[in-house]
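Asks: Fold the following.
(chains A and B)
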Amino acid sequence: MLSQATVDRIIGSLVPDGLLDLLELESSYPARNLPEGAEVMRVPPSPTGFVHIGTIYASLINERIAHQSSGVFILRIEDTDKKREVEGSVEQIISALKKFDINYDEGPDVSGSYGPYFQSQRQKIYLAYAIELLKKGRAYPCFASPEELQAQTKKQQAEKIRPGYYGQWAIWRDKSDEQVNQALDDGKPFVLRFRSEGSHNNRIQYTDVFKGKMDVPENDLDVPLIKSDESRLPTYHLAHVVDDYLMRVTKVFRSDEWLPSTALHIELAKALGHEPFTYGHFAPISILDKNGGGKRKLSKRKDDEADVRYWLDAGYPIEAVKAYLLGLANSNFEDWYRDNPDKSVDDFPLSLDKLAASRAPLLDMTKLEDYAKDYIARLSQDEFYDGIYRFAGEEFKLALEQDIDYTKKILGIERGGEKPRKDMSKWSQGFDQYGYFFDDLFVKDFKTQGAEEFLSDLSSDVIDTAVTDFLETYSADDEQSIWFDKLKISAEKSGFATDNKQYKANQDSFHGNVADFARILRVKLTGKNRTPDLWTIMQIMGVDRVSSRLGSN
RNA sequence: GGCCCCAUCUUCUAACGGUUAGGAAAUCGGGUUCUCAUCCCGGCAAUAGGGGUUCGAUUCCCCUUGGGGUCACCA
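Replies: Purely as a prediction, here's the structure:
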């Protein structure tokens, strides 16, 4: 045990301008006045770059649980590592949550009486608790250099001993007053470490909301509490225990990666005289390794999909992404969504039990696309227009605005009925789906390319004849059935089979079947070989545009 | 390596200890359609292996194997 004088000296070096009074501090974080059963949840991203889709997943879960119980959802920025901090990340986090329509009641840009919500602004608070531990003899300064520590770890690995700063490896744990003062005199940097009283041979039990009864070894690691650099910011462990205590968080839901340090957090809370938290650990989203490995955690470096910007930029509808994520969290979501076509994904009652069963769900982009197609197909015409418009490039935007009536007709194709068109999974596809309707864009981006790609098997003579034959009989006033009858007649005249069986039996005597004949018109008209039905397209384009596109070469 | 989590079709998963092991996505066939997207019908496809407990095990227990996480002054 360090002498009072030494402890005071350490305190002086840690907080030269005075220590916060704990009682006073705690009185400014009173119990929340919430209804019975209300949960206070939080999501604590760190601003170290882009926003991870896992952060959105965790936010979704925490927000839902909080708000379903008439509780509070907090966004707390964990910016205690100034070295890794990337400028602009906080704004990115905030805007990502906004885009996903995940609302927090307290956060960096929302007033709340349990702040501040930047951990870097709470530095004095952590210090006060750390010093409290120091005074109790549950913390001590450690002057070991990174090199020393590294050498120690190496030695442990070589000798196949459990690595870590504990027991005999906790070299500064029981240094004398003289040694500590000497190090202080030398001006050596130091961290404040936790003095664990646990033993790796003892076991502790706790209940995880998702995983049930846990039985793990006690913590015996003397982890750093306060960093040695001049920021004197805390490590995650201290920050978590202090913040969630003061902010009156009722349940700590975090991803599985925190499971191994839970014993430590329990011991830390107890050392501070607090009741340990109720924890719930859920499996993080994983992805199939592209290089043939197994499943693994979604990694920032290797996977584009880890970045929410990827989802946003590609123009996946947010609701669809949320629906997919909710489906990963709760397997009954799909059924619910199908049974409640008129409800929003935000109305889904997330269940804790179901979440328990979810394990390391694999990100399945194909399935997500399916969700997205469904979602877009359900949209009203106005919503559909909005989506397309928002993701349109400058030229496409101008085209869309030019003649609203024309645009509305175009975007209204096969929409709103019993069986809406289902061919778009992301908004960025809007241009490709509808751009050809606009003459400038057609000439620039569709016309030539399409003819080369989709009509290369037919000679230009055949194509010309087909177009001429069709135009001879075409009338914009024809009903669809008449139009199609005429189409068949011109097809026959041009040497195409109108009967599929006939065609299959005798392919050589035809240029192709009706489908091929229609393909000529389709490509000439749209530059594409996949479009909604031709009659509708012609109706919308109008006779002049149809003639001109078919007539031109 | 220590500790921890996890284990049902290709994927996400469902199944009070008793089901022909179900659904969804993908895929394959068939139908509808001028091409597509759809839509409808159908097919393929799983309880990792071995021991127990039990009349009976996907379900409970143990072992093995496999996958994942963690062991930082990162969170």
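
Asks: now A:E383: how far from A:P317?
Replies: From A:E383 across to A:P317, the span is 9 Å (C-beta to C-beta, to the nearest Å). (C-beta placed from N, C-alpha, C; glycine too.)

Asks: Which residue of those two possesses the greater neighbour count?
Replies: Ranked by neighbour count (other C-beta atoms under 10 Å), A:E383 and A:P317 place A:P317 first, with 22 against 12.

Asks: Now do the contacts for the residue lying closest to that one once chain neighbours are set aside.
Replies: Leaving aside its sequence neighbours, A:P317 sits nearest to A:Y375 (C-beta to C-beta, 6 or more residues apart in numbering; 5.3 Å). When contacts are counted by C-beta atoms under 8 Å, 6 or more residues apart in numbering, A:Y375 touches A:P317, A:E319, A:A320, A:A323.

Asks: who's in contact with the residue most central in space within chain A?
Replies: Geometric centre of chain A, nearest residue: A:I53, 2.2 Å, by C-alpha atoms, centre = their mean. Listed by C-beta under 8 Å, 6+ apart, the contact partners of A:I53 are A:I285, A:L298, A:E305, A:A306, A:D307, A:V308, A:W311, A:L363.

Asks: Need the per-residue pLDDT for it.
Replies: If you check A:I53, the pLDDT there is 88.

Asks: could you measure it against RNA strand B, distance?
Replies: Per C-beta to the nearest atom of the strand, to the nearest Å, A:I53 is found 15 Å from RNA strand B.

Asks: Next, A:K422: secondary structure please.
Replies: The three-state assignment at A:K422 reads coil, by DSSP: H, G, I helix; E, B strand; the rest coil.

Asks: and it, backbone torsions?
Replies: phi -130, psi 80 (degrees, to the nearest 10).

Asks: give me every residue that touches it.
Replies: The neighbourhood of A:K422, defined by C-beta under 8 Å, 6+ apart, consists of A:K373, A:D374, A:I376, A:A377.

Asks: quick one: contacts for the third one?
Replies: With C-beta under 8 Å, 6+ apart as the criterion, the residues that contact A:I376 are A:P317, A:A320, A:F384, A:G387, A:K422, A:M424, A:S425.

Asks: try 6 Å this time
Replies: Shown in contact with A:I376 (C-beta atoms under 6 Å, 6 or more residues apart in numbering): A:M424.

Asks: quick one: buried residues of the helix or strand containing it?
Replies: Element membership for A:I376, per DSSP states H and E: helix A:365-378. Within helix A:365-378, the residues that qualify as buried are A:L368, A:E369, A:Y371, A:A372, A:K373, A:D374, A:Y375, A:I376, A:A377, A:R378, counting by 16 or more other C-beta atoms under 10 Å.

Asks: just the residues you listed now: which is nearest RNA strand B?
Replies: A:K373 (6.2 Å; C-beta to the nearest atom of the strand).

Asks: Wait, that closest one touches A:K426, no?
Replies: No. When contacts are counted by C-beta atoms under 6 Å, A:K373 is not listed as touching A:K426 (9.3 Å).

Asks: Show me which residues of the stretch 51-200 of chain A sit near RNA strand B.
Replies: Contact residues, the stretch 51-200 of chain A versus RNA strand B (C-beta under 7 Å from any atom of the strand): A:78, A:80-81, A:83-84, A:144-146, A:149, A:153, A:160, A:162-165, A:189, A:191.

Asks: err, the stretch 401-550 of chain A, not the other one
Replies: For the stretch 401-550 of chain A, the residues found near RNA strand B under the criterion C-beta under 7 Å from any atom of the strand are A:414, A:419, A:421-423, A:480, A:484, A:487, A:514-515, A:518-519, A:522, A:529-536.

Asks: which of those residues count as buried?
Replies: Neighbour counting with 16+ other C-beta under 10 Å marks A:R421, A:F484, A:L487, A:V514, A:A518, A:R519, A:R522, A:T531, A:P532, A:L534, A:W535, A:T536 as buried within those.

Asks: Just the residues you listed: which are in strands?
Replies: Of these, none are assigned to strands by DSSP state E.

Asks: Show me where the stretch 151-300 of chain A dips below the pLDDT cut-off.
Replies: A:287-300 (pLDDT under 70).

Asks: at 80 what do you get?
Replies: Low-confidence segments of the stretch 151-300 of chain A (pLDDT under 80): A:286-300.

Asks: Look at the nearest residue to A:P141 once chain neighbours are set aside and say how many residues are nearby.
Replies: Of all residues not flanking A:P141 in the chain, A:F190 sits nearest, at 4.3 Å (C-beta to C-beta, 6+ apart). By the criterion of other C-beta under 10 Å, A:F190 has 21 neighbours.

Asks: hey, where'd the helices end up in the stretch 51-200 of chain A?
Replies: Assigned by DSSP state H, counting those that start in this stretch, the helices in the stretch 51-200 of chain A fall at A:53-68, A:89-99, A:123-135, A:146-158, A:177-185.

Asks: So which of these is the most surrounded?
Replies: For the helices of the stretch 51-200 of chain A, average neighbour numbers computed from mean count of other C-beta atoms under 10 Å are highest in helix A:53-68, which has a mean of 23.

Asks: the domain parsing of chain A - what is it?
Replies: Using automatic domain parsing, the domains assigned to chain A come out as A:1-23+A:40-278, A:315-378, A:380-421, A:438-551.

Asks: mind checking which of those is nearest A:G430?
Replies: A:G430 lies closest to domain A:380-421 among these, at 3.9 Å (C-beta to C-beta).

Asks: any idea how far the closest one is from the chain center?
Replies: Relative to its chain's centre, domain A:380-421 lies at 27 Å (C-alpha atoms, centre = their mean, to the nearest Å).

Asks: any idea of the mean pLDDT for it?
Replies: On average, domain A:380-421 scores 87.

Asks: end-to-end on it?
Replies: End-to-end distance for domain A:380-421: 12 Å, by C-alpha to C-alpha, to the nearest Å.

Asks: do the same with stretch A:305-325
Replies: One end of stretch A:305-325 to the other measures 13 Å (C-alpha to C-alpha).

Asks: before we move on, what about stretch A:449-467?
Replies: Start-to-end span of stretch A:449-467 (C-alpha to C-alpha) is 19 Å.

Asks: Okay, strands next: where are they in chain A?
Replies: A:40-43, A:72-75, A:139-142, A:191-194, A:203-208, A:212-217, A:224-226, A:251-255, A:278-282, A:286-288, A:295-297, A:496-497, A:512-513.

Asks: tell me what the first one is packed against?
Replies: I take that to be strand A:40-43. helix A:53-68, strand A:72-75 (3 or more C-beta pairs under 6 Å, 6 or more residues apart in numbering; DSSP states H and E).

Asks: Sheet partners, orientation included, of it?
Replies: Take DSSP bridges as the rule and strand A:40-43 pairs in its sheet with strand A:72-75 (parallel).
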